[in-house]
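Enquirer: could you work out the structure for the sequence below:
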Amino acid sequence: MPQHSTHRVRIGDLVPADSPRLNGVDQAHVRRLSAVYASLPPVLVHRSTLRVVDGMHRIGAAVLLDLDTVEVQYFDGPEDQVFLRTVTVNIAHGLPLSVAERKAAAGRILASRPHMSDRAVAACTGLDAKTVASVRVRSAAGSPPLNTRTGTDGKTHPLDRTAERIHAAELMTRDPDLSLRAVVRKTGLSLGTAHDVRRRLLRGEDPVPPSRQSGPPPGAAPVAKDGPRDGSGTPVAPAAPAPGGRPVSPRARSPLDTLRRLANDPSLRQSDAGRDFIRWLHIHFVVDEAWHKRADAVPPHATESIAEIARHCSDTWRRFAEDMSRRKHAGVPRGTDLHATQPTRR
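Expert: Below you'll find the predicted structure:
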């Protein structure tokens, strides 16, 4: 049967619409429609229930003209989509819905479909997404929050992308030349979110916006607003004093921030040896998030071997750190191969 085929149905057999209109049928509009009734489109009716989806004013005009039947087109969707379709078609044509009616419709949709995103509800009701968000706050009072939303593309998207943002920051830190589309494929973030993470890293900010950072779990050590952070930019509890008794500064620069600054240091970027050193540092840079994700892959019989390798690497890094400190305090100049060749100034 063609999708747009029409049928003649008795008015008495139809069930009135579950209309979003707060004041019901507008009789003045019914009289206007009766004058042009022959040019009006068919009434939209839900096939299985015969409930009117769109066209109550047209039916009123038919009654005013003493007609017993109307031309209808059938809507074959599930019954729980009837109101959603009613709202959608009413904002597309006919007597416009008021802002109050559209807000009330958005509240009803959110109550029955809390998983729908603000943009998806906005597309159905003719409101903007920010207005839908404010309606959601009022309609969701006392309800448990959801961590997923269904967007206008019909796909389910998680609201909390903290873990994915941290993973993206780690990937970008390890490989500054990694394309955003590659980050998207590896993390599942949207292209816009991946771009936001990169901008935050370039500005020296956390990859996770402050508004999306959850507080510490019950019983956890308090974390100062400007306190130390780990390599992924995540706030951590203040560090204990160093073995020598000197406390770690709460404003100490995070390793991730230090690595970013080094990567942008002209004295390193403007020479082949300097760029090679930064690439080497990126490859070997490790944050807790990285090994936490991979630790479960180690079989029990290999744990001691892995631990031995880790301790060896730790000792190597310690010796490297001590050598860097000695160079700083002894004033040992860097090799000339790390300096960029500069033109002679006259």
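Enquirer: in this structure, where's the longest helix?
Expert: Secondary structure of the chain per DSSP state H: the longest helix is helix 303-330.
Enquirer: what mean pLDDT does that helix get?
Expert: On average, the pLDDT along helix 303-330 is 87.
Enquirer: same check on stretch 115-127?
Expert: Across stretch 115-127, pLDDT averages out at 88.
Enquirer: now that stretch - C-alpha only, CSV.
Expert: Provided in CSV are the C-alpha atoms of stretch 115-127 (Å, rounded to 0.1, in the frame of the first residue of the first chain):
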residue,chain,number,x,y,z
HIS,A,115,17.2,9.4,27.3
MET,A,116,16.5,11.9,24.4
SER,A,117,19.2,14.6,24.1
ASP,A,118,18.3,18.3,24.4
ARG,A,119,18.9,18.8,20.7
ALA,A,120,16.7,15.9,19.7
VAL,A,121,13.8,17.2,21.9
ALA,A,122,14.5,20.7,20.5
ALA,A,123,14.1,19.4,16.9
CYS,A,124,10.7,17.9,17.8
THR,A,125,9.3,20.9,19.7
GLY,A,126,10.7,23.9,17.9
LEU,A,127,12.5,25.1,21.0
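Enquirer: below-threshold pLDDT in the stretch 1-150 of the chain: ranges please.
Expert: Along the stretch 1-150 of the chain, the parts satisfying pLDDT under 70 run over 1-4, 140-150.
Enquirer: apply 50 and report the result again.
Expert: 1-2 (pLDDT under 50).
Enquirer: can you give me the strands for it?
Expert: Counting by DSSP state E, counting those that start in this stretch, the stretch 1-150 of the chain has strands at residues 7-10, 43-46, 52-54, 69-75, 148-150.
Enquirer: which stretch among those comes nearest Ala120?
Expert: For Ala120, the closest of the strands of the stretch 1-150 of the chain is strand 148-150, at 6.4 Å, according to Cβ to Cβ. In this view, the C-beta of every residue, glycine as well, is placed from N, C-alpha and C.
Enquirer: so how many other residues sit close to Asp66?
Expert: 6 (other Cβ atoms under 10 Å).
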